[in-house]
Structure formats: C-alpha cells, structure tokens
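Peer 1: A structural model of the following input is requested.
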Amino acid sequence: MTVVIKFGGNAMVEQSALAAFISGIKDLQTAGKNPVVVHGGGPQISEGLKAAGIVSEFKGGYRVTTAESVTVVRDVLVNEVNKELVDLLNANGAIAQGMPGDIADLLMAEHRTVLVDGVQTDIGLVGEVVAVDTAAIQSAIAAGVIPVISTAARSITGQLYNVNADTATSAVAIALNAQEMIMLTDVPGVYANWPDRDSLLTKLTANELTKLIPSLEAGMVPKLEACLRAISGGVPNVRVVGNLTDSGTQVTK
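Peer 2: Model prediction:
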C-alpha cells in the first residue's frame with residue numbers, strides 16, 4: 001500500500017507539528033504502508049527571496065515565479081527544506097532519501113496558467129507535472145526507504161519550473177496508483193464556514209467539494225483542487241488533515 005503525503009513548509013516552522021509529522025510517518029511505515037513525502041516550502045521560499053531582495057507576489061493562492069526567482073526557489077526547496085526534512089527523519093529512526101524533482105527527470109513539467117477570478121492568468125515559470133519517474137520512486141520504496149520529493153521540475157527542454165506542491169502531490173499519487181493521498185495542512189480539515197470551528201466536515205464527495213471550493217479562502221483552493229484531481233485520477237481515498245493521526249476530512253468519489 002502506497003500513501004502519498006503532502007508536507008507543507010509551514011509545519012517545519014513549528015516544532016510540535018514537525019515532531020508529530022515525523023512520528024506519523026514512522027507509524028505509517030511500521031503499519032506496513034509505504035509513505036512517499038512530497039513537500040513544499042512556502043515560508044522558507046519567502047525568506048529566501050526576501051534575503052535575495054526579491055519581492056514575493058501571489059495570484060489566486062499561487063506564487064508568481066520569475067526567471068530571477070526560480071533558481072532561489074529551487075535552491076531553498078532542495079538544499080534547505082529537503083535536506084533538513086531528510087536529516088530529521090533519518091535522525092529519528094526513519095530511513096529517508098531526498099529526491100529533487102528536477103534531477104534525472106523525476107518530475108517533468110510544462111508551463112501552466114491558473115484561473116484567477118475566472119481569468120486564465122500567467123504566473124511565470126510555474127509548471128504542471130506531466131510525467132513522473134515512478135521507477136525511481138518504487139525502487140526507493142522497495143529498498144525500505146521513504147522518498148522525500150522536492151517540487152522543482154524541468155521541462156523536456158530543460159527549463160526549470162517551480163511546481164506547486166499541492167498539484168505535484170496529486171500527480172505523484174496518481175502516477176504511483178497510490179491507495180491514499182494525505183494533504184497535511186495547518187488546519188484540522190475542511191470547514192464549511194471558516195473560521196467557525198464547529199463547521200469541520202468529516203466527509204465530502206468530490207461533487208460536494210467542487211461546489212464548496214468557490215467559498216473557500218484562496219490558500220486552500222490549490223490544496224482542494226489537487227484533492228479533486230487525485231480523485232478523478234483514480235486515487236480512491238484522499239484526506240485533508242492537520243495531523244497524520246487525525247481523521248480530518250475524507251474526500252471520496
């Protein structure tokens with residue numbers, strides 16, 4: 001059984017969330033499930049761009065990536081976030097391997113636009129994953145190693161792209177025929193009426209989620225669109241959770 005988990009950079013900032021993630025990954029592996037981690041690094045990228053004197057811009061919840069900023073994004077994802085996450089997992093008894101998405105054609109991407117207020121919008125060097133080297137990932141799994149994938153990617157011509165970690169996670173889950181995809185967020189799940197904490201939804205169908213998305217905050221939209229993409233791509237079970245041990249919100253077909 002393969003479980004693909006999206007891990008956000010926000011969780012690395014808070015030590016309790018990071019500790020819970022590491023514990024949850026080890027529990028999955030102990031239970032005979034094969035965790036595959038796909039990570040972003042929003043806060044770390046913002047800090048890296050700030051240090052480089054580059055102003056971050058967002059449209060529709062997506063980071064606008066310029067030719068100037070894409071190399072900074074890649075450097076932060078691969079050399080900072082990925083390395084730290086792998087080192088932490090290994091230091092806590094889980095055998096992990098960093099797998100940069102832009103190396104050896106692990107993740108192949110094409111330029112994408114995004115829908116912002118009903119208009120298709122160019123957000124720069126941002127790619128959509130169109131191919132995944134599943135053999136490399138499966139080889140790591142077969143060796144008892146947890147693949148930790150960073151979400152930079154290249155096109156067939158070698159162009160470096162920043163890839164949204166939410167959409168990359170769904171692409172990896174679909175390509176691996178994963179039995180489950182878990183979107184780890186900074187909230188316990190999907191709320192019908194945020195910030196009303198009593199409106200947490202435990203179960204949603206894909207159709208119900210589609211109707212709900214327009215009313216949600218921009219930051220949640222890419223995550224939930226990725227959930228819909230995974231469901232339509234054949235992943236039977238998707239969960240949006242704040243902690244790997246929580247049931248969160250389950251999304252099914």
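
Peer 1: contacts, neighbours, all on C-alpha from now
Peer 2: Fine.

Peer 1: where in this protein is pLDDT low?
Peer 2: For the chain, no stretch has pLDDT under 70.

Peer 1: any chance you could map the helices in it?
Peer 2: 9-13, 15-30, 42-51, 67-75, 83-91, 134-142, 165-175, 206-212, 221-232 (DSSP state H).

Peer 1: okay if I get those as CSV plus mean neighbour count?
Peer 2: Listed next are these as CSV, based on neighbours: other CA atoms under 10 Å:
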stretch, mean neighbour count
helix 9-13, 18
helix 15-30, 16
helix 42-51, 17
helix 67-75, 18
helix 83-91, 17
helix 134-142, 15
helix 165-175, 26
helix 206-212, 15
helix 221-232, 22
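
Peer 1: closest one to residue 125 among these?
Peer 2: helix 67-75 (6.8 Å; CA to CA).

Peer 1: what angle do that closest one and helix 42-51 make?
Peer 2: Interaxial angle, helix 67-75 versus helix 42-51 (axes from the mean of the first three to the mean of the last three CA atoms, to 10 degrees): 130 degrees.

Peer 1: Just the CA trace of helix 67-75, in PDB.
Peer 2: Extracted in PDB, the C-alpha atoms of helix 67-75 (Å, rounded to 0.1, in the frame of the first residue of the first chain):
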ATOM      1  CA  ALA A  67      13.300  33.900 -14.100                       C
ATOM      2  CA  GLU A  68      15.200  35.700 -11.300                       C
ATOM      3  CA  SER A  69      13.400  33.900  -8.500                       C
ATOM      4  CA  VAL A  70      13.100  30.300  -9.900                       C
ATOM      5  CA  THR A  71      16.700  29.500  -9.000                       C
ATOM      6  CA  VAL A  72      16.200  30.800  -5.500                       C
ATOM      7  CA  VAL A  73      13.100  28.700  -5.100                       C
ATOM      8  CA  ARG A  74      14.900  25.600  -6.300                       C
ATOM      9  CA  ASP A  75      17.800  26.200  -4.000                       C
END
